[in-house]
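Peer 1: Starting from these lines, generate the structure:
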Amino acid sequence: MQIRPYTSADLRPVVTLFTETVHRVNSKDYSPEQIAVWAPRDENWTRWQNRFNGLRTLIAEINGRMAGFAAFTGQGYLDFLFVHHEEQRRGVARALLGEVEAQLRALGIRRATTHASITARPFFESMGYIMLEQRWFEKDGVMLTNFSMDKDLGSR
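Peer 2: Take a look at the predicted model:
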């Protein structure tokens, strides 16, 4: 597996990977209505491009194929961590998160935070993240839930 920086040419493959992962993996924990508003299939490319412009994004590749990606802020917030539905449980998320945390430590960031889905919460807990609270929020008239989590980067 190779982890490399995101380039603008990655935008469509990243958004496709995100959308397909939510529809194929997260759908076991969320209703069809929740999935539809979380990851609509009619993408607004300008909105996505603007979203990634403000993030540091890493791409994981296996044999030249995108296996996953992580996107985070320089302040320690992990906004995205998604793995291709065919690459689940093969160490991709662990490798990406390890690299994100290493880069945050190098920046002097002492705490990583995220809002983990129901699906991702057990993974983050296994990586040392602590659940702070369950959050409920509305998106396009549909209620969704996730979990505010964080990790002290001084501990490994």
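Peer 1: Quick check on Thr73: phi, psi?
Peer 2: Main-chain dihedrals, Thr73, degrees, to the nearest 10: phi -100, psi 160.
Peer 1: Who are the contact partners of the closest residue in space to it that isn't next to it in sequence?
Peer 2: Of all residues not flanking Thr73 in the chain, Leu55 sits nearest, at 6.3 Å (C-beta to C-beta, 6 or more residues apart in numbering). Any C-beta I mention is one placed from the backbone N, CA and C, and that applies to glycine too. Shown in contact with Leu55 (C-beta atoms under 8 Å, 6 or more residues apart in numbering): Ala71, Phe72, Thr73, Asp79, Phe80.
Peer 1: Secondary structure of Thr145: a strand, I assume?
Peer 2: Yes - with DSSP: H, G, I helix; E, B strand; the rest coil as the criterion, Thr145 is part of a strand.
Peer 1: What residues are bridge-paired with it?
Peer 2: As for beta bridges, Thr145 partners with Trp136 under DSSP bridges.
Peer 1: Relative to Ser31, how far out is it?
Peer 2: Per C-beta to C-beta, to the nearest Å, Thr145 is found 11 Å from Ser31.
Peer 1: Between these two, tell me which one has more neighbours.
Peer 2: Taking neighbours as other C-beta atoms under 10 Å, Thr145 and Ser31 compare with Thr145 leading, 14 against 11.
Peer 1: isn't that one right up against Arg135?
Peer 2: Yes - assessed by C-beta atoms under 8 Å, Thr145 is found in contact with Arg135 at 6.5 Å.
Peer 1: residue boundaries of the helices in this protein?
Peer 2: With DSSP state H, the ranges of helices along the chain come out as 11-24, 32-38, 45-53, 92-106, 121-126.
Peer 1: For Gly64, which of the ones you listed is the nearest?
Peer 2: helix 11-24 (11.9 Å; C-beta to C-beta).
Peer 1: chain center to that closest one, what's the gap?
Peer 2: How far helix 11-24 lies from its chain's middle: 11 Å, per C-alpha atoms, centre = their mean, to the nearest Å.
Peer 1: tell me which residues in that helix are buried?
Peer 2: Within helix 11-24, the residues that count as buried by 16 or more other C-beta atoms under 10 Å are Leu11, Val14, Val15, Leu17, Phe18, Thr19, Glu20, Thr21, Val22, His23.
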